[in-house]
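> this is a predicted model, with the sequence first.
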Amino acid sequence: MDVASLTKLLSPEGWALLNALPPYDESQAMALATRLRDGGVDPDLAAAALTQSRLRAKARTKLGPFADAMLFTPAGLEQATRLVVAALHARRYLAAGVTRVADLTCGLGADALAFAGVGLDVLATDVDEATAALATVNLRAFPEAVVRHADGLTLDLAAEGVDGVYADPARRTRGGRRVFDPAAYAPPLDAVWDLRSQVPALGIKVGPGIPHHGLPADAETQWVSVDGDVVEAGLWFGPLAPDGPGRSALVLRTDDNGTPADGTATGSVSRTLRAGDDADLVPDVGPVGAYLYEPDGAVVRAGLVAHAAAELGGRLVDRTIAYVTTDSPAPAPSSGTAALATGYRVVDVLPFNLKKLKAYLRERDVGRLTVKKRGTAVTPEQLRSQLALKGDAAATLVLTRVAGRQHVLVVDPLPR
């Protein structure tokens with residue numbers, strides 16, 4: 001958003017217009033824009049208000065009702081932390097005894113909002129002037145938070161009274177392309193890592209695709225998933241990693257409103273892998289049993305599949321594939337926690353043969369397929385096209401390797 005559009009939106013007329021708009025409906029957007037212009041509304045203001053209405057609607061999946069009082073940019077919303085995850089970040093700082101957090105790359109202010117919401121003092125900075133202005137608007141209800149247009153790396157942290165630092169470096173170019181090299185983050189990841197010599201309580205949000213090699217040995221790296229989507233990895237140093245360095249996975253399940261399933265931020269399960277422990281845990285590999293479990297993506301990204309297999313009491317179907325099989329149902333997760341894996345009852349195990357698979361499914365009147373895959377080049381779209389099924393029944397197929405050979409597993413999902 002440019003400064004001129006922001007100025008118009010923040011005028012009394014602009015703010016009143018934005019907050020008076022009906023719930024965003026893509027099919028009605030053009031007609032509404034026309035009505036606003038015909039009614040004498042400045043076309044630039046109308047466009048800016050409608051854009052914000054659309055972004056607010058999209059932001060509700062991340063930020064819940066807070067989104068209805070915030071301003072966004074598409075890129076800023078893309079990188080913004082989900083509120084349920086930001087709340088967990090804030091709790092780390094609280095538990096570590098931190099009182100004043102410097103959010104060095106605050107963006108639109110989602111994490112700063114969570115920090116201030118739990119009573120932490122927050123100094124939020126962003127190098128982009130318009131983004132800092134938007135964060136100021138978004139944090140206006142929190143006197144605990146101060147926003148500055150500045151390069152956070154230039155702060156005198158000691159003089160500012162900061163005892164905790166957080167950063168979420170930009171991982172997209174100005175053209176919108178993802179950046180995978182940590183050295184190309186803005187600011188570069190190494191420059192942020194160096195701050196732990198000044199403030200030990202340092203947290204950094206990074207992309208979930210960050211490779212394991214090169215991770216700092218003194219950090220806990222935690223991969224986080226929300227309702228099956230791996231949304232981030234976090235690097236936590238010093239008192240923010242009370243269990244010590246290593247790798248962990250945090251699996252969160254929420255209700256339809258984006259709230260954790262038990263109504264708090266604790267509706268999750270976390271497993272921590274200590275540095276070096278993975279070398280000692282080698283999972284069994286064996287034939288497909290009566291049940292199949294697909295570990296959550298955060299578990300896979302964290303390299304904790306062997307630990308998930310041990311939790312489930314199972315074995316891998318192939319040493320290189322993240323599917324766990326058991327001969328009896330795995331123990332249900334304890335009350336108030338989320339499952340580490342999605343479970344299925346195995347109906348049939350078939351060597352992969354397109355002609356035989358088509359005959360198998362047609363005999364059972366299958367016309368609707370859910371296709372999952374790991375360890376195979378076949379795509380679900382390609383398979384559906386080749387099968388050309390027209391029946392009324394539904395089926396779930398898992399395409400994978402079993403003992404090094406391509407197989408199709410016909411499965412039924414277990415209740416969550």
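On my side now, so go ahead.

> where does the stretch 51-200 of the chain dip in pLDDT?
Along the stretch 51-200 of the chain, segments meeting pLDDT under 70 span 172-180, 184.

> hmm, who's touching stretch 384-401?
292, 317-318, 320-321, 323, 344, 352, 354, 357-358, 361-362, 364-376, 378, 383, 406-413 (CB atoms under 8 Å, 6 or more residues apart in numbering). Placement of C-beta: from N, CA and C, glycine included.

> filter the residues you listed down to the buried ones.
Neighbour counting with 16 or more other CB atoms under 10 Å marks 292, 317-318, 321, 323, 344, 352, 357-358, 361, 366-367, 371-372, 374-376, 383, 407-411 as buried within those.

> from start to finish, how long is stretch 381-394 in a straight line?
End-to-end distance of stretch 381-394 (CA to CA, to the nearest Å): 16 Å.

> helices along the stretch 201-350 of the chain, start to end?
With helices called from DSSP state H, counting those that start in this stretch, the stretch 201-350 of the chain shows them at 297-301, 305-312.

> what packs against the shortest one?
This means helix 297-301. strand 219-226, strand 229-237, strand 246-252, helix 305-312 (3 or more CB pairs under 8 Å, 6 or more residues apart in numbering; DSSP states H and E).

> next: the last one.
Of the remaining helices and strands, those touching helix 305-312 by 3+ CB pairs under 8 Å, 6+ apart are strand 268-274, strand 291-295, helix 297-301, strand 315-316, strand 324-326.

> out of these, name the one with the poorest average pLDDT.
Per-stretch mean pLDDT for these is lowest at strand 268-274 (a mean of 45).

> and the helix or strand hosting A75, how far out from the chain middle?
Per DSSP states H and E: A75 is located in helix 74-79. Mean-position distance between helix 74-79 and its chain equals 13 Å (CA atoms, centre = their mean, to the nearest Å).

> quick one: buried residues of it?
Under the neighbour-count criterion of 16+ other CB under 10 Å, helix 74-79 has 75-77, 79 buried.

> roughly how far apart are T221 and A338?
20 Å (CB to CB, to the nearest Å).

> V206 now?
For V206 relative to A338 (CB to CB), the value is 23 Å.

> centroid residue for this protein?
By CA atoms, centre = their mean, the chain has its centre lying nearest to V231, at 1.5 Å.

> ok, it touching A80?
No: at 10.6 Å, V231 does not count as touching A80 under the criterion of CB atoms under 8 Å.

> coming back round to it: tabulate the CA atom coordinates of the helix holding A75 in PDB.
Taking C-alpha atoms only, helix 74-79 is exported to PDB below (Å, rounded to 0.1, in the frame of the first residue of the first chain):
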ATOM      1  CA  PRO A  74      -0.800  -8.900   0.300                       C
ATOM      2  CA  ALA A  75       2.900  -9.600   1.000                       C
ATOM      3  CA  GLY A  76       2.600  -8.700   4.700                       C
ATOM      4  CA  LEU A  77      -0.400 -10.900   5.100                       C
ATOM      5  CA  GLU A  78       1.300 -13.800   3.400                       C
ATOM      6  CA  GLN A  79       4.200 -13.700   5.900                       C
END
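
> helix or strand next in line after that helix, which one?
Past helix 74-79, the next helix or strand by DSSP H and E is helix 83-95.
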